[in-house]
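1. No sequence on hand, only this structure:
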């Protein structure tokens, strides 16, 4: 019984992510900013879907764990925006995946916007 619930939850997450990504496509001029959130860490990357290549990424894995999760997510957004500016990228398409636009996911988006990326 427990295994059935785990599979149903996983299937729902994949279905939500597919529904979100069906409407989004990243190019070299306007890459897709995708967010991955786990229980401990959060990461984001810019992806060119035409080539299937990651242009730049940022993660909180090497950041101090003493910070609050929202502060770490904000720092990831700032780091990603700085890396994108270094590559000459100013506009992106935001891909939240299967996550709600709330909390850490929203903190990354707001930090990227505050540091010059346009969605």
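-> Cool, got the structure. Fair warning: this is a prediction, and the values are worked out from it, not measured in the lab. Numbering: from 1, shown residues only.

2. that's a strand at residue 47, yeah?
-> Yes: according to DSSP: H, G, I helix; E, B strand; the rest coil, the state of residue 47 is that of a strand.

3. From residue 99, how far out is it?
-> Going from residue 47 to residue 99 by C-beta to C-beta, to the nearest Å gives 16 Å. Quick note: C-beta positions are derived from backbone N, CA and C, even for glycine.

4. same thing with residue 119?
-> Between residue 119 and residue 99 the computed distance is 16 Å (C-beta to C-beta).

5. okay, those two: which has more neighbours?
-> Remark: of residue 119 and residue 99, residue 99 carries more neighbours, 19 against 11, as counted by other C-beta atoms under 10 Å.

6. three-state assignment of the closest residue to the more buried one other than its chain neighbours?
-> Setting aside the residues directly before and after it, residue 99 is nearest to residue 105 in space (C-beta to C-beta, 6 or more residues apart in numbering), at 4.9 Å. Classification of residue 105 using three-state DSSP returns helix.

7. Return the residues in contact with residue 105.
-> Residue 105 is in contact with 35, 37, 73, 96, 99, counting by C-beta atoms under 8 Å, 6 or more residues apart in numbering.

8. Return the subset of those lying in strands.
-> Counting by DSSP state E, the contacts of residue 105 place 35, 37 in strands.

9. Need the contacts of residue 105 in TSV (columns: pLDDT and distance to residue 87).
-> Shown next, in TSV, are these (pLDDT from 0 to 100; distance: C-beta to C-beta, whole Å):
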residue	pLDDT	distance to residue 87
35	96	18
37	94	24
73	95	21
96	90	22
99	90	25
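
10. And the contacts of residue 105, which is closest to residue 89?
-> Among the contacts of residue 105, residue 35 lies closest to residue 89 (C-beta to C-beta), at 16.3 Å.

11. Tell me which residue is most central in this protein.
-> What sits nearest the mean C-alpha location of the chain, by C-alpha atoms, centre = their mean, is residue 35, with 1.6 Å.

12. coming back round to it: check the contacts of residue 105 and tell me the two furthest apart.
-> Farthest-apart pair in the contacts of residue 105 is 73 and 96; separation 12.7 Å (C-beta to C-beta).

13. what about stretch 18-32, how long is it end to end?
-> Terminal residues of stretch 18-32 lie 14 Å apart, using C-alpha to C-alpha, to the nearest Å.
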